[in-house]
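Peer 1: need a 3D model of the following:
(one chain, ligands or ions: 1)
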Amino acid sequence: MSQALDGVRILDFTHVQSGPTCTQLLAWFGADVIKVERAGAGDITREQLRDIPDVDSLYFTMLNHNKRSVTIDTKNPEGKQVLEALIQKCDVLVENFAPGALDRMGFTWERIQELNPRMIVASVKGFGPGPYEDCKVYENVAQCAGGAASTTGFDDGPPVVTGAQIGDSGTGLHLALGIVTALFQRTQTGRGQRVLAAMQDGVLNLCRVKLRDQQRLERNGQMKEYPQYPNGTFGEAVPRAGNASGGGQPGWILKCKGWETDPNAYIYFITQAPVWAKICSVIGKEEWATHPDYATPAARLPHLKDIFAEIERWTMTKTKFEAMQILNKYDIPCGPILSMKEIAEEPSLRKTGTIVEVDHPTRGKYLTVGNPIKLSDSPTEVKRSPLLGEHTDEVMAELGYSPEQISALRTAGAI
Ligand code: CAO
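Peer 2: Below you'll find the model as predicted:
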């Protein structure tokens, strides 16, 4: 079967996590992704957090599936010529270098336009134009600058970063959408364009509900679904809300059977208004369904702590999976706190290709997260990440270089 992005060629100048997330997705949708790396070194993540000596790390392999790897020294004059040939042949150049690095290499937007006016140049940067535009940025910096850290954690503790890589992988997702959108517009205009996804912007986009709450706080001085209400205090900025739900249906994380020894024996429980009577019946508090202090969502808000304490008395008598089974029968929204071990072993995720086992020539078998976006007409087959420079000769031949020329360029240190 064909794939959605068949025929699209991506010149992949990305490294670490944000950019590679984007180009991996494009590769999974069928694009030919040619990753350019420095000979002898490659993407720095190849050697970061290694679990097996001298073998590409899981950090690298899990972010670079379905790509081809070519080595080019883009600061070498002959290497630059090879890169120019690739720019002429490709549709999109994706990069997440530090600000200005592409210009310093000699590949300004103007130069790229001269070489290929249809080229889309897509970049991840830490910040958009403004006071921090020249800064180098990693994941947690973006989480802090994008509003996630100040709104994550508990009221009596410091800001907390989340394990979800919303700065890197989140921005990579944003960039991928920008790229396919630009490709679509190019079908009308025939022109390329620049696509920028700043990590601060991407994180803030994912924290949209917290800017909503900032304005609610400024108008009313409090937010009744926050744990600070009714007995705590609100300051000028949105406080950390612990495990409170970001939406209009209050929720909290509750202990389940075994919590004393299992750090993940918990369940997320949402007291969705339409199923309130069922919740009362399940936990044995039938009288709450009609009691004036509990019967309506507004009446419940000042009592949320007591309500969740009562529900927890019930959840603590069940394992998280038993609780799920019972609650789902009544359409009560809830979710088990799953550990990475449980996720890795979950058969349904293997079946859908969300968790995939991949074989790698030097590492052997490992697990990865497959394509989370499923297209019915464009199936994804996850293929292992390339070894450093594995496809240099193949890509050079496609560009029209003879074996002798390739060998001479290698001797000159250009590839
Ligand atoms: N041949 C020759 N030179 C190459 C090359 C190649 N194939 N590939 C890269 N280089 C050079 C670049 O031109 C750059 O050189 P100059 O500094 O002389 O211009 C140099 O390698 C290093 O690039 P860098 O500054 O991007 O790398 P770094 O490790 O110092 O910084 C990072 C890493 C991520 C902080 C920075 O790239 C960045 O801020 N990127 C944008 C934001 C981003 O994506 N952050 C998320 C990263 S994922 O956690």
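Peer 1: does the nearest residue to residue 401 once chain neighbours are set aside count as helix, strand or coil?
Peer 2: Using Cβ to Cβ, 6 or more residues apart in numbering and skipping residues adjacent in sequence, the residue nearest residue 401 is residue 409, 7.4 Å away. C-beta here means a position set from N, CA and C on the backbone, and glycine is covered the same way. Classification of residue 409 using DSSP: H, G, I helix; E, B strand; the rest coil returns helix.
Peer 1: wait, residue 409 sits on residue 78?
Peer 2: Yes - in this structure, residue 409 is within contact of residue 78 by Cβ atoms under 8 Å, at 5.8 Å.
Peer 1: what about the helices in the stretch 301-415 of the chain?
Peer 2: Counting by DSSP state H, counting those that start in this stretch, the stretch 301-415 of the chain has helices at residues 304-315, 320-329, 340-344, 347-352, 392-398, 403-411.
Peer 1: off-centre distance for the longest one?
Peer 2: Going back to what we said before, that points to helix 304-315. Centre-to-centre, helix 304-315 and its host chain are 33 Å apart (Cα atoms, centre = their mean, to the nearest Å).
Peer 1: quick one, it and helix 320-329 angle?
Peer 2: Helix 304-315 runs at 110 degrees relative to helix 320-329, counting by axes from the mean of the first three to the mean of the last three Cα atoms, to 10 degrees.
Peer 1: so for helix 304-315, what's the average pLDDT?
Peer 2: For helix 304-315, mean pLDDT rounds to 97.
Peer 1: next one: the shortest one
Peer 2: Helix 340-344 comes out with an average pLDDT of 98.
Peer 1: show me where pLDDT drops low in the stretch 1-150 of the chain?
Peer 2: Scanning the stretch 1-150 of the chain for pLDDT under 70 picks out nothing.
Peer 1: what parts of it come near the ligand?
Peer 2: Within reach of the ligand by Cβ under 6 Å from any ligand atom, the stretch 1-150 of the chain has these residues: 16-19, 36-38, 72-75, 96-98, 101, 104-105, 124-126, 136-139.
Peer 1: let's see it at 8 Å
Peer 2: For the stretch 1-150 of the chain, the contact set with the ligand under Cβ under 8 Å from any ligand atom comprises 13-19, 36-38, 44, 71-76, 79, 96-102, 104-105, 123-126, 135-139, 142.
Peer 1: the strands in the stretch 51-200 of the chain, which residues?
Peer 2: If DSSP state E, counting those that start in this stretch is used as the criterion, the strands of the stretch 51-200 of the chain fall at 67-71, 92-95, 120-125, 194-198.
Peer 1: just the pLDDT at the spatially most central residue of the chain, thanks.
Peer 2: In the chain, the centroid-proximal residue (Cα atoms, centre = their mean) is residue 169; its distance is 2.9 Å. Per-residue confidence at residue 169 stands at 98 (pLDDT).
Peer 1: now do the helices in the stretch 51-200 of the chain.
Peer 2: Using DSSP H, counting those that start in this stretch, helices in the stretch 51-200 of the chain cover 58-61, 77-89, 101-104, 109-115, 139-145, 169-189, 199-206.
Peer 1: buried residues in the fourth one, which are they?
Peer 2: Read that as helix 109-115. Neighbour-count burial for helix 109-115, counted by 16 or more other Cβ atoms under 10 Å, picks out 112, 113.
Peer 1: neighbours of the nearest residue to residue 172 once chain neighbours are set aside, how many?
Peer 2: Excluding its sequence neighbours, the residue lying closest to residue 172 (Cβ to Cβ, 6+ apart) is residue 21, at 3.0 Å. By other Cβ atoms under 10 Å, 24 other residues sit near residue 21.
Peer 1: what of the one 10 residues further on?
Peer 2: With neighbours defined by other Cβ under 10 Å, the count for residue 31 comes to 27.
Peer 1: ok, now how distant is residue 22 from residue 133?
Peer 2: For residue 22, the distance to residue 133 (Cβ to Cβ, to the nearest Å) stands at 20 Å.
Peer 1: wait, what's in contact with the residue in the stretch 201-350 of the chain positioned nearest to the ligand?
Peer 2: Proximity of the stretch 201-350 of the chain to the ligand (Cβ to the nearest ligand atom) peaks at residue 202, 10.5 Å away. Taking Cβ atoms under 8 Å, 6 or more residues apart in numbering, we find residue 202 in contact with 142, 146, 166, 167, 170, 171, 173, 174.
Peer 1: residue 311 now?
Peer 2: Counted by Cβ under 8 Å, 6+ apart, residue 311 has contacts 254, 269, 271, 279, 283.
Peer 1: are we agreed that the first one is in a helix?
Peer 2: Going back to what we said before, that points to residue 254. No - counting by three-state DSSP, residue 254 is located in no helix; its state is strand.
Peer 1: quick check: it touching residue 318?
Peer 2: No - using Cβ under 8 Å, residue 254 is not in contact with residue 318, being 10.3 Å away.
Peer 1: compare these two (neighbour count), which wins?
Peer 2: Between residue 254 and residue 318, residue 254 has the larger neighbour count (other Cβ under 10 Å), namely 23 against 17.
Peer 1: which non-adjacent residue is nearest residue 146?
Peer 2: residue 203 (2.5 Å).
Peer 1: out of the helices of the stretch 301-415 of the chain, nearest to residue 50?
Peer 2: helix 340-344 (19.0 Å; Cβ to Cβ).
Peer 1: CA atoms of that closest one as PDB?
Peer 2: Taking Å, rounded to 0.1, in the frame of the first residue of the first chain, the C-alpha atoms of helix 340-344 are listed here in PDB:
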ATOM      1  CA  MET A 340       6.400   2.000  32.100                       C
ATOM      2  CA  LYS A 341       6.800  -1.700  32.900                       C
ATOM      3  CA  GLU A 342       3.100  -2.200  32.700                       C
ATOM      4  CA  ILE A 343       2.900  -0.200  29.400                       C
ATOM      5  CA  ALA A 344       5.800  -2.100  27.900                       C
END
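Peer 1: give the bridge partners for residue 356, please.
Peer 2: Going by DSSP bridges, residue 356 is paired in beta bridges with residue 368.
Peer 1: who's in contact with it?
Peer 2: Contact partners of residue 356, counting by Cβ under 8 Å, 6+ apart, are 350, 367, 368, 369, 370, 382.
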